[in-house]
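In: The sequence and its predicted three-dimensional model are supplied below.
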Amino acid sequence: MTDSNLPRGIGNPATSAFALAGYTRLEQFSGVSEKELLALHGVGPKAIRVLRETLAAEGLPPMG
């Protein structure tokens, strides 16, 4: 997963869950619903918060 630019603060379980679901780039989360992401095993509120904050800091569109 060397092409990944996911923030480290989301934790290993969430990073693995996102990779299994095909999410390896921060840009892929724009428009994806938080509910859909929370349904992935290993993803919790902290990962969602970190993603939301990182998307905003990078000037990317928010999650849907």
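Out: Sure thing, it's come through.
In: Can you give me the buried ones in the longest helix along the chain?
Out: What stands out as the longest helix in the chain, according to DSSP state H, is helix 45-57. Within helix 45-57, the residues that count as buried by 16 or more other Cβ atoms under 10 Å are 47, 48, 50, 51, 54, 55. For glycine as for every other residue, the C-beta is placed from the backbone atoms N, C-alpha and C.
In: and of the residues you listed, the nearest to residue 29?
Out: Relative to residue 29, the closest of those is residue 51; by Cβ to Cβ it sits at 5.5 Å.
In: which residue packs closest to the closest one, ignoring adjacent ones?
Out: Excluding the flanking residues, the one nearest residue 51 by Cβ to Cβ, 6 or more residues apart in numbering is residue 29, at 5.5 Å.
In: does that neighbour really touch residue 50, like I thought?
Out: No - using Cβ atoms under 8 Å, residue 29 is not in contact with residue 50; the gap is 10.8 Å.
In: what about the most centrally placed residue in the chain, distance to residue 61?
Out: Nearest to the mean C-alpha position of the chain, counting by Cα atoms, centre = their mean, stands residue 51 at 5.0 Å. Taking Cβ to Cβ, to the nearest Å as the measure, residue 51 and residue 61 are separated by 12 Å.
In: All the helices of this protein, in order from the start?
Out: Counting by DSSP H, the helices of the chain are 12-20, 34-38, 45-57.
In: relative orientation of the longest one and helix 12-20 in degrees?
Out: Right, the one you point to is helix 45-57. 70 degrees (axes from the mean of the first three to the mean of the last three Cα atoms, to 10 degrees).
In: Let me see the residues that make contact with helix 45-57.
Out: With contact meaning Cβ atoms under 8 Å, 6 or more residues apart in numbering, helix 45-57 is reached by 7, 9-11, 14, 26, 29-30, 34, 37-38, 61-63.
In: Could you tell me which ranges of this protein sit under the pLDDT cut-off?
Out: Within the chain, the segments meeting pLDDT under 70 span 1-2.
In: ok, 50 please
Out: For the chain, the stretches with pLDDT under 50 are 1.
In: re earlier: columns distance to residue 21 on top of the buried residues of helix 45-57, output as TSV?
Out: Formatted as TSV, these follow (distance: Cβ to Cβ, whole Å):
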residue	distance to residue 21
47	12
48	14
50	17
51	13
54	18
55	17
